[in-house]
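Visitor: I would like to see how this sequence folds:
(chains A and B)
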Amino acid sequence: GNSVTQMEGPVTLSEEAFLTINCTYTATGYPSLFWYVQYPGEGLQLLLKATKADDKGSNKGFEATYRKETTSFHLEKGSVQVSDSAVYFCALSPMNRDDKIIFGKGTRLHILP
Amino acid sequence: DTEVTQTPKHLVMGMTNKKSLKCEQHMGHRAMYWYKQKAKKPPELMFVYSYEKLSINESVPSRFSPECPNSSLLNLHLHALQPEDSALYLCASSQDQNTIYFGEGSWLTVV
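Guide: As a prediction, the model looks like this:
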């Protein structure tokens, strides 16, 4: 079946540090891949997405590349800010649109000033 | 810009009350969703409406009753809830059932 595994948190970094949050998936065919961010007290916001192998999604300084060979979609940012503190969810949308979207468990990120 | 609007933002209700959560989108999306999210967990799918028809019910208890009056609106009627139903309820919409866009959520507390 389809699944998403992302690194356990919390992740604590200092401001301006480099960020990587790992995400790997299991799925048949070519799913679409997403990162969502949830700030405290808010809903989920779509951060970026990629719909085919080797696509790179990017937004607000965050990037993730769809790697079919390693079934991964790791989230990266070169220099994090305190305002990036949030929970990040990796998600997969199967090729069969009738199948539901699968979310990872979420990674809580704390950025220290 | 994508926008899904949910009301109310906060709701406190007793176990014998009847209340409703409301959701609206004006993006012309054909699919709308209800999710439930408990603290420190990912969202869990409850219902999916496609072209105003219920297409998925994830074995949700009947005390939760969804309604889709038209293509822009989605309601979740609540009756005889339990304290364990306290959670963040998220509405979402999608044009292609691939990329989904969430609202800000309604925080529900059952007392």
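
Visitor: list the residues that contact residue 58.
Guide: All of this refers to chain A. A:48, A:64 (Cβ atoms under 8 Å, 6 or more residues apart in numbering or on different chains). Every C-beta, even on glycine, is put in place using the N, C-alpha and C of the backbone.

Visitor: my question was about chain B
Guide: A:100, B:44-47.

Visitor: tell me which of those residues is nearest to B:K19?
Guide: B:M46 (16.0 Å; Cβ to Cβ).

Visitor: thought that closest one was touching B:K36?
Guide: Yes: if you go by Cβ atoms under 8 Å, B:M46 and B:K36 touch, sitting 5.6 Å apart.

Visitor: pLDDT wise, what is the residue most central in space within chain B at?
Guide: Central residue of chain B (Cα atoms, centre = their mean): B:W34, 3.2 Å from the mean position. As predicted, B:W34 sits at a pLDDT of 98.

Visitor: C-alpha coordinates for the helix or strand in which it is found, PDB please?
Guide: B:W34 belongs to strand B:31-37 when elements are defined using DSSP states H and E. Extracted as PDB, the C-alpha positions of strand B:31-37 are listed here (Å, rounded to 0.1, in the frame of the first residue of the first chain):
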ATOM      1  CA  ALA B  31     -14.100  18.200  -4.600                       C
ATOM      2  CA  MET B  32     -14.500  19.200  -0.900                       C
ATOM      3  CA  TYR B  33     -13.200  17.400   2.200                       C
ATOM      4  CA  TRP B  34     -13.600  17.200   5.900                       C
ATOM      5  CA  TYR B  35     -10.600  16.100   8.000                       C
ATOM      6  CA  LYS B  36     -10.200  15.700  11.700                       C
ATOM      7  CA  GLN B  37      -6.800  16.500  13.400                       C
END
